[in-house]
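In: coords below, sequence missing:
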């Protein structure tokens, strides 16, 4: 699903966030990405979503080499990916329903189809009763779940989550992770960046460790 | 391995599905209808601000439209006087009255001549005396100094300034003619002035069109800034530039439509206010002239121009500012 071949990322100004990273996430796999803040977790996810572009190496998403893909084709790659942000990036001037519907509107779905899929997604994250509310009236955990519903509504092949539990208490965090496992079970590949080692250890998934922009030894990652 | 294969299959299917959806004309129409209504809704959300922008555009469009219609009316007015334009052909002294009479008959047969009437020197003298009160002076003359005159009225279709001039030249070239004079030369001058005024209106129109472009562009630029967050989010979840551009372009189109409508109402109102005094003035000149407001064709030009300027203005703004907004 995702393959990094000796990928490096250098930001303008010279800071090298990732150095010679090679890794692979199989179709339908679920893995965690850990490391201290500044280790390059966010950068790695942004490279996959083509928010940042790689400086060296090769990057494949869904079998397609996206290393030098043209700007015009980026949107179509992003549609295969559901991205969940720590600060969820919801639009506060529209309802929960409209927020979740956005990816479907972008992809040009039919009205009835949008309603059906949005309700299914909201049902999965347990927010069906709140579709008419505005995000500002929801709690942090609920807002995060709206973000998840929006990420999965388009049935993406890959879910990327950047510190999805960063602002949540342990119980809500476990709930959110449970949701990711649920989607993974129906075939969605999942890659979650998190520094919540305690939570990660409770779950039985591979862990990719990053240290100062390089892959850490597997032992160090889970330590 | 199996799962991988299935996923690829699904991916191919999804890809085809996306393509099919994107290419279907009904989808396309539905999407555009949706977006245009959405943009309209957004404008109505900030009703006062939107109306103010539309009013500025309206004024900028009303000025050239109103001036054009005014000129058109003046042109029509000068045209109606063209019809009365006559020519006086002064004949050489040595031409005898029968010869002059015969010439009048010949002219009568020209296609560009409606009537040709002979005014003999004696008649001319009598008329001159009557009108000027110089009868006594004239009576003391030994000889009638006035030549015979043919009064020629051009036929319909030859009353325009150019055609009348051509006729004048043709009459001038006759061997019997001393001088052929086009009366109402001021009609020609008026139409020359009108031609200059038309150019002036054209220049003003161009400047005001530029103003509309800038107003729309600036309004859309502000809107893009206000919706920056939304643009970032939609880009993150796979919106194409076209998708993001579309609502702004429709906003521009709506501004154009409302601006043109306001301009139309302004022109109509202006002419409504002018109609009565103009009618009174025309009445004093025994004319049944009345102002004509925007013709239907010009209404469509106004609307089309508004839409085009709105679209172009928003296009420029979107092109300049949308690329700057990228998720980071």
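Out: That came through fine. None of these values were measured; they are calculated from a predicted model.
In: tell me the SS of the most centrally placed residue in chain A?
Out: Taking C-alpha atoms, centre = their mean as the criterion, residue A:160 is the residue nearest the geometric centre of chain A, at 1.7 Å. Secondary structure, DSSP: H, G, I helix; E, B strand; the rest coil: residue A:160 is strand.
In: so what's it up against?
Out: Residue A:160 makes contact with A:45, A:48-49, A:81-84, A:191-193 under the criterion C-beta atoms under 8 Å, 6 or more residues apart in numbering or on different chains. Yep, even glycine has a C-beta here, placed from its N, CA and C like the rest.
In: would stretch A:144-155 count as contacting chain B?
Out: Yes: using C-beta under 8 Å from any C-beta of the partner chain, stretch A:144-155 reaches chain B at A:150, A:154-155.
In: thinking again about what came up before, out of the contacts of residue A:160, the closest to chain B would be?
Out: residue A:83 (6.1 Å; C-beta to the nearest C-beta).
In: who does that closest one bridge with?
Out: residue A:160 (DSSP bridges).
In: tell me, how many residues neighbour it?
Out: 24 (other C-beta atoms under 10 Å in any protein chain shown).
In: which ones among the contacts of residue A:160 map onto strands?
Out: Among the contacts of residue A:160, the members found in strands (DSSP state E) are A:81-84, A:191-193.
In: taking strand A:158-162 as reference, get the angle to the longest helix along chain A.
Out: The residue-count maximum for a helix in chain A (DSSP state H) belongs to helix A:170-185. Here the directions of helix A:170-185 and strand A:158-162 differ by 160 degrees (axes from the mean of the first three to the mean of the last three C-alpha atoms, to 10 degrees).
In: and the pLDDT for residue 53?
Out: In the absence of a named chain, this looks at chain A. On pLDDT, residue A:53 comes in at 90.
In: that's the other chain; I wanted chain B
Out: 92.
In: enumerate every residue touching it.
Out: B:215-216, B:219, B:255.
In: okay, those residues in JSON lines with secondary structure next?
Out: Output for the contacts of residue B:53, formatted as JSON lines (three-state DSSP):
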{"residue": "B:215", "secondary structure": "helix"}
{"residue": "B:216", "secondary structure": "helix"}
{"residue": "B:219", "secondary structure": "helix"}
{"residue": "B:255", "secondary structure": "helix"}
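In: wait, is residue A:22 part of a helix?
Out: No: according to three-state DSSP, residue A:22 belongs to no helix; its state is strand.
In: low-confidence stretches in chain A?
Out: Residues of chain A meeting the criterion pLDDT under 70: A:217-223.
In: interface residues of it facing chain B?
Out: A:1, A:26-28, A:49, A:51-52, A:62-63, A:72, A:75-81, A:83, A:89-91, A:93, A:102-103, A:106-110, A:150, A:154-155, A:157, A:187.
In: where along chain A do the strands fall?
Out: Using DSSP E, strands in chain A cover A:2-10, A:16-25, A:30-34, A:56-61, A:64-65, A:81-84, A:158-162, A:189-193, A:207-211, A:214-215.
In: pick the most buried one from those strands.
Out: strand A:81-84 (a mean of 26; mean count of other C-beta atoms under 10 Å in any protein chain shown).
In: ok, back up a step: so which bits of the longest helix of chain A are buried?
Out: Neighbour-count burial for helix A:170-185, counted by 16 or more other C-beta atoms under 10 Å in any protein chain shown, picks out A:172-173, A:175-177, A:179-180, A:183-184.
In: still on that earlier bit, make a ChimeraX selection of the buried ones in the residues of stretch A:144-155 next to chain B.
Out: Command for ChimeraX that selects the buried part of those, burial taken from 16+ other C-beta under 10 Å:
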select /A:150,154,155
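In: tell me which of the residues of stretch A:144-155 next to chain B is nearest to residue B:51?
Out: Distances from residue B:51 to the residues of stretch A:144-155 next to chain B, taken as C-beta to C-beta, are shortest for residue A:150 (34.5 Å).
In: which residue packs closest to the closest one, ignoring adjacent ones?
Out: residue A:100 (4.8 Å; C-beta to C-beta, 6 or more residues apart in numbering or on different chains).
In: how near is that neighbour to residue A:117?
Out: For residue A:100, the distance to residue A:117 equals 9 Å [C-beta to C-beta, to the nearest Å].
In: identify the contacts common to those two.
Out: residue A:153.
In: which one of these two is surrounded by more residues?
Out: More neighbours surround residue A:100 than the other of residue A:100 and residue A:117, with 29 against 19 (other C-beta under 10 Å).
In: the more buried one touches residue A:153, doesn't it?
Out: Yes: with contact defined as C-beta atoms under 8 Å, residue A:100 counts as touching residue A:153 (5.3 Å).
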